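Q: sequence first, then the predicted structure, then my questions.
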Amino acid sequence: MDGQNRKDIYPGLEVGIILKKDQRSGNITYGIVQNLLTSSAFHSRGIKVRLEDGQVGRVAEIVED
C-alpha cells in the first residue's frame, strides 16, 4: 500500500518515509507516525508526516503486520 491517501495513515502506524535529503537516492527511513502534516485528502508524492523521532518526510510505503 502506498502513502498517497490521507485516510490510510494515522498516528501510531508504522511507515516507510523518504526524507527530503533522500529524494534523489530513494532511501527509505522507517518509523512510527506521530502526526500528519499534509491537510489534503490525496497527494501524488505521498502524505507528509512527522515520525515519533522527529524526522519529517513523505510516506513511501505502509508497513503491513
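A: Noted; the coordinates are in hand.
Q: next, name the residue at the spatial heart of the chain.
A: residue 59 (2.4 Å; CA atoms, centre = their mean).
Q: so what does it have for phi and psi?
A: With angles defined as degrees, to the nearest 10, residue 59 sits at phi -70, psi 120.
Q: contacting residues around it?
A: 2-4, 9, 15-17, 46-49 (CB atoms under 8 Å, 6 or more residues apart in numbering). Just so you know, the C-beta spots here come from the backbone N, C-alpha and C atoms, and that holds for glycine as well.
Q: hmm, 6 Å instead?
A: 3, 15, 17, 46-47, 49 (CB atoms under 6 Å, 6 or more residues apart in numbering).
Q: do the same with residue 61
A: residue 16.
Q: hey, what's it bridged with?
A: Counting by DSSP bridges, residue 61 is bridged to residue 16.
Q: which element, helix or strand, includes residue 30?
A: For residue 30, the host element (DSSP states H and E) is strand 29-36.
Q: so what does that strand touch, helix or strand wise?
A: The contact analysis (3 or more CB pairs under 6 Å, 6 or more residues apart in numbering; DSSP states H and E) places strand 29-36 against strand 14-19, strand 48-51.
Q: what helices or strands is the longest one leaning on?
A: To tie it back to what came earlier, the one meant is strand 14-19. Counting contacts by 3+ CB pairs under 6 Å, 6+ apart, strand 14-19 is packed against strand 29-36, strand 56-62.
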